[in-house]
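J.: Output the structure for:
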Amino acid sequence: MSVLVFVNTKAVDGNSSSKLSYNYSDIKAENGTNFYRLKQIDYDRKFEYSEVRTLIFNEVLHTRIYPNPVEDEFIVIDVSKGQILVIYNNLVQEIKRMNINEDGSYKVNVVSLATAQYQLVIISDNELIKTFNL
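T.: I've put the predicted structure just below:
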């Protein structure tokens, strides 16, 4: 699957003589091998591609959520101590972050969230390991 995502420039007026760092979280990454590259477009419409980078995401086989679709709360089943749960909205803005302090199940209250599409991301050891559409 090919997805095009735009990341806004940090350079004032689109130009910079210093190094600028960017980041992007692919909350729709597939389990397994994912390929990434950057396309830099100049004002004169010339462009360059970066090297292709490969990232491998390993699925947590037993983690699941219930119920889905979600109303006021849901339970994440089979999470591990040290994992982080993050809820993003459809603009890829972080809405809620939760640290898991023990193995087992974790109840997430979302009654304060507006009715919309959200994505739950599970992070372990600074790596995205599973995503769920809520």
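J.: Which SSE is immediately downstream of the lowest-mean-pLDDT helix or strand in the chain?
T.: One helix or strand of the chain scores below all others by mean pLDDT, DSSP states H and E: strand 53-57, with a mean of 81. Downstream of strand 53-57, the next assigned helix or strand under DSSP states H and E is strand 64-66.
J.: Identify the residues contacting that next one?
T.: F74, I75, V76, I77, D78, L120, F132, L134 (CB atoms under 8 Å, 6 or more residues apart in numbering). Just so you know, the C-beta spots here come from the backbone N, C-alpha and C atoms, and that holds for glycine as well.
J.: Take those and lay them out in TSV including pLDDT.
T.: Below are the contacts of strand 64-66 laid out as TSV (pLDDT from 0 to 100):
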residue	pLDDT
F74	92
I75	92
V76	91
I77	88
D78	84
L120	93
F132	89
L134	86
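J.: So which of those sit within strands?
T.: F74, I75, V76, I77, D78, L120, F132 (DSSP state E).
J.: and these, which are buried?
T.: Buried subset of the ones in strands among the contacts of strand 64-66 (neighbour count, 16 or more other CB atoms under 10 Å): F74, V76, L120, F132.
J.: if I pick the third one, what's in contact with it?
T.: If a contact means CB under 8 Å, 6+ apart, then L120 has I65, V76, L85, V86, I87, V108, T131, F132, L134 as its contacts.
J.: where are the low-confidence patches of this protein?
T.: 1-7, 25, 27-28, 58-62 (pLDDT under 70).
J.: residue at max distance from the center of this protein?
T.: In the chain, the residue that sits farthest from the middle, by CA atoms, centre = their mean, is D44; the gap is 32.1 Å.
J.: With adjacent residues omitted, what lies nearest to N34?
T.: L55 (5.1 Å; CB to CB, 6 or more residues apart in numbering).
J.: show me the contacts for that neighbour.
T.: A29, T33, N34, Y36.
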